[in-house]
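Enquirer: Here is a sequence together with a model predicted from it:
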Amino acid sequence: KAGVTQTPRYLIKTRGQQVTLSCSPISGHRSVSWYQQTPGQGLQFLFEYFSETQRNKGNFPGRFSGRQFSNSRSEMNVSTLELGDSALYLCASSSALRTDSSGANVLTFGAGSRLTVL
Amino acid sequence: DAKTTQPNSMESNEEEPVHLPCNHSTISGTDYIHWYRQLPSQGPEYVIHGLTSNVNNRMASLAIAEDRKSSTLILHRATLRDAAVYYCILRGWSSGGSYIPTFGRGTSLIVHP
């Protein structure tokens, strides 16, 4: 079956602009989570959505937002881009069915969207 | 959130076993231990996970200390394709009612032919 698809794979923006990244999870997966990966900070959790509801949010400013649609596809948006937002943004989906069992669920990651802010 | 500590890098020869350690001394009783690896220009790939008991799958084995404060990923015979950054991740319960992952900095595994 198809894996997690992220678009676009690469993009360049300038400071002050906004960007929207898209993630299509594995068919049937209702949990989608987003991560930021930078050389300095490593992998950091941004937020997680389950059945269109944000369940958790990492320690990022309000400029970072996301949403999930009824078909489980998810988007994340970064407004007023800063140079430090340059990163690889990863999306992962899992087959979590119940919140109390999701710690055991495996994450399947997409290849990521590499954002460069100039 | 509980944190993990891993060595920055490790080296191995092809076809030899590799033991990748991870310390997670502040792990809670409901935290699952996951291992993922990441090849250049790719997203992380699942390797193995466990809660309390040692686990085996076709890719690797996971040895979990009795007090759960550390774990070791074991690659039984390293190949050149195993060269990657290996992440030890705790997926713990949060107040939001969901498990969220906490990432260490990862171990870069170098495999020599």
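Expert: Received it, and whenever you're ready, just let me know what you need.

Enquirer: show me the contacts for the nearest residue to B:N13 once chain neighbours are set aside.
Expert: Leaving aside its sequence neighbours, B:N13 sits nearest to B:H112 (CB to CB, 6 or more residues apart in numbering or on different chains; 5.0 Å). Using the backbone N, CA and C atoms, a C-beta is placed for each residue, glycine as well. Applying CB atoms under 8 Å, 6 or more residues apart in numbering or on different chains to B:H112 gives the contacts B:11-14.

Enquirer: Residues of chain A that sit close to chain B?
Expert: Proximity of chain A to chain B is confined to A:4, A:33, A:35, A:42-45, A:48, A:50, A:55-58, A:90, A:92, A:99, A:102-112 under the rule CB under 8 Å from any CB of the partner chain.

Enquirer: Now intersect those with the strands, please.
Expert: Among the residues of chain A next to chain B, the members found in strands (DSSP state E) are A:33, A:35, A:42-45, A:48, A:50, A:55-57, A:90, A:92, A:108-109.

Enquirer: Buried only: go through the contacts of B:H112 for me.
Expert: Among the contacts of B:H112, those buried by neighbour count (16 or more other CB atoms under 10 Å in any protein chain shown) are B:S12.

Enquirer: Dump the contacts of B:H112 to a markdown table, plus distance to A:R73, pLDDT and secondary structure.
Expert: A markdown table is the format used below for those (distance: CB to CB, whole Å; pLDDT from 0 to 100; DSSP: H, G, I helix; E, B strand; the rest coil):
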| residue | distance to A:R73 | pLDDT | secondary structure |
| --- | --- | --- | --- |
| B:E11 | 41 | 97 | strand |
| B:S12 | 40 | 96 | strand |
| B:N13 | 44 | 96 | strand |
| B:E14 | 41 | 96 | coil |
